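Peer 1: Build the 3D model from these lines:
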Amino acid sequence: MANLKAIRDRIQSVKNTKKITEAMRLVAAARVRRAQEQVLSTRPFADRLAQVLYGLQARLRFEEANLPLLRKREVKSVGLLVISGDRGLCGGYNTNVIKRAENRAKELKAEGIDYKFVIVGRKAAQYFQRRDQPIDAVYTGLEQIPTAAEASNIANELLSLFLSESVDRIELIYTRFVSLVSSRPVVQTLLPLDTQGLETADDEIFRLTTRGGQFEVERQKVTAQVRSLPNDMIFEQDPVQILDSLLPLYLTNQLLRALQESAASELAARMTAMSNASDNAAELINTLTLSYNKARQASITQEILEVVGGAQALS
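Peer 2: I've put the predicted structure just below:
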């Protein structure tokens with residue numbers, strides 16, 4: 001009987017755990033939808049900014065603008081912006097991006113190039129702080145769905161590092177959202193800005209949908225509608241000054257997109273992890289229920305044998 005009670009308690013405990021993991025999966029799904037809505041809401045500004053930059057690019061030769069954010073220097077020091085999460089329970093999301101950042105730091109060290117970290121997320125901060133890595137700034141406690149204000153604060157720190165020549169290049173290491181079950185840590189150069197990177201290209205947005213009771217992500221190609229500025233347009237300011245003012249906005253927009261991609265990747269990884277945990281809990285419940293039934297059957301059989309044995313002894 002004691003063994004049966006222990007199995008019953010274990011089954012109830014696993015059922016309670018399954019309820020928690022299923023709730024966490026649904027919460028993550030709701031936040032993925034919020035991230036999707038934010039991506040869509042920020043697109044009009046990004047498209048208009050791309051249109052203006054495209055027009056200026058057609059009017060000017062960026063190579064001749066000689067702007068600080070476009071100027072390439074001999075690389076002696078690199079700033080590594082690493083975007084991770086504040087919490088765990090999201091599979092290998094944090095581990096993968098931290099490993100990618102660590103490998104990139106080793107590559108720079110092997111080339112004789114100094115580096116320093118700017119870290120977003122508590123998990124990466126704790127990891128690199130324990131290993132006494134050079135850290136310039138740490139940002140934690142950000143909104144689960146990143147905001148433009150948060151991206152602007154981080155961009156200001158990056159601009160300060162680059163313009164003061166504390167670093168000669170800034171690289172972004174984040175997790176690119178691919179699907180609910182797939183994400184990929186990537187390295188992207190943020191500063192100096194690449195003139196080729198200002199060209200308009202096909203982009204993608206994701207939509208979380210349900211089909212047959214299961215979550216799935218649909219990706220859609222979108223193209224910003226850009227037009228050249230009229231040839232007779234007169235600028236009140238020098239176009240180079242306008243460009244100098246717009247490039248920090250472009251940097252902030254790029255950073256906001258990376259934060260959104262990372263947030264979507266983290267939430268998708270948490271959805272997958274919690275779904276797997278729920279499936280494992282259900283499988284464990286079935287196994288424990290089978291063990292309970294076998295133990296109960298053995299207990300009943302033993303009681304019947306004892307009753308029969310006692311009756312035979314009395315006769």
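
Peer 1: Just give me the neighbour total for Gly91.
Peer 2: Neighbour count for Gly91, taken as other C-beta atoms under 10 Å: 19. Quick note: C-beta positions are derived from backbone N, CA and C, even for glycine.

Peer 1: Now that it has come up, it's in contact with Ser275, right?
Peer 2: No. The criterion here is C-beta atoms under 8 Å, and Gly91 misses it with Ser275 at 10.3 Å.

Peer 1: Compute the number of surrounding residues for Leu142.
Peer 2: Neighbourhood size, Leu142 [other C-beta under 10 Å]: 20.

Peer 1: residues touching it, list them.
Peer 2: Residues in contact with Leu142 (C-beta atoms under 8 Å, 6 or more residues apart in numbering) are Asp86, Val120, Gly121, Glu150, Leu259.

Peer 1: where's it relative to Asp86, distance?
Peer 2: From Leu142 across to Asp86, the span is 7 Å (C-beta to C-beta, to the nearest Å).

Peer 1: One more: Gln51?
Peer 2: From Gln51 to Asp86 the distance is 35 Å (C-beta to C-beta).

Peer 1: now do Thr252
Peer 2: Counting by C-beta to C-beta, the gap from Thr252 to Asp86 is 21 Å.

Peer 1: so which helix or strand takes in the residue positioned nearest the centre of the chain?
Peer 2: Central residue of the chain (C-alpha atoms, centre = their mean): Ser262, 2.1 Å from the mean position. Assigned by DSSP states H and E, Ser262 falls within helix 239-314.

Peer 1: on that earlier part again, residue contacts, the residue nearest to the centre of the chain?
Peer 2: Contacts of Ser262 by C-beta under 8 Å, 6+ apart are Ile83, Ser84, Gly85, Val97, Val120, Pro146, Tyr174, Thr175, Phe177.

Peer 1: Look at it and report its pLDDT.
Peer 2: We have a pLDDT of 86 for Ser262.

Peer 1: same deal with the one 10 residues further on?
Peer 2: The confidence metric pLDDT takes the value 82 at Thr272.

Peer 1: That one is in contact with Leu89, isn't it?
Peer 2: No. Using C-beta under 8 Å, Thr272 makes no contact with Leu89, being 11.0 Å away.

Peer 1: if you count what's nearby, which of these two comes out ahead?
Peer 2: Applying other C-beta under 10 Å to Thr272 and Leu89 shows that Thr272 carries more neighbours, namely 21 against 14.

Peer 1: what do Leu142 and Asp86 both touch?
Peer 2: Common neighbours of Leu142 and Asp86 (criterion: C-beta under 8 Å, 6+ apart): Gly121.

Peer 1: does Ile119 really touch Ala125, like I thought?
Peer 2: Yes. Between Ile119 and Ala125 there is a contact at 4.7 Å, judged by C-beta under 8 Å.

Peer 1: Those two: who's more crowded?
Peer 2: Ile119 (27 against 20).

Peer 1: So the more buried one: helix, strand or coil?
Peer 2: Assigned by DSSP: H, G, I helix; E, B strand; the rest coil, the conformation of Ile119 is strand.

Peer 1: Any idea what it is bridged to?
Peer 2: Val82, Val138 (DSSP bridges).

Peer 1: how near is it to Ala137?
Peer 2: 7 Å.

Peer 1: Could you list the low-pLDDT ranges of the stretch 201-315 of the chain?
Peer 2: Within the stretch 201-315 of the chain, the stretches with pLDDT under 70 are 201-239, 315.

Peer 1: One more pass at 90, please.
Peer 2: Scanning the stretch 201-315 of the chain for pLDDT under 90 picks out the ranges 201-283, 287-315.

Peer 1: next one: the stretch 51-200 of the chain
Peer 2: 51-75, 85-93, 131-132, 136-137, 140-152, 163-166, 175-200.

Peer 1: Ala105: what's it in contact with?
Peer 2: Residues near Ala105 by C-beta under 8 Å, 6+ apart: Leu80, Tyr115, Phe117, Gln133.

Peer 1: who wins for neighbours among those?
Peer 2: Of all those, Leu80 has the most neighbours under the rule other C-beta under 10 Å, reaching 26 neighbours.

Peer 1: what ranges do the helices span in this protein?
Peer 2: Using DSSP state H, the helices of the chain run over 2-59, 62-65, 93-110, 122-130, 148-163, 239-314.

Peer 1: Give me the helices and strands touching the fourth one, please.
Peer 2: Packed against helix 122-130 by the contact rule (3 or more C-beta pairs under 8 Å, 6 or more residues apart in numbering; DSSP states H and E) you find strand 77-83, helix 93-110, strand 114-120, strand 135-139.

Peer 1: Format those as CSV; extra columns: distance to Leu247.
Peer 2: CSV is the format used below for the helices and strands packed on helix 122-130 (distance: least, C-beta to C-beta, whole Å):
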stretch, distance to Leu247
strand 77-83, 17
helix 93-110, 25
strand 114-120, 19
strand 135-139, 21
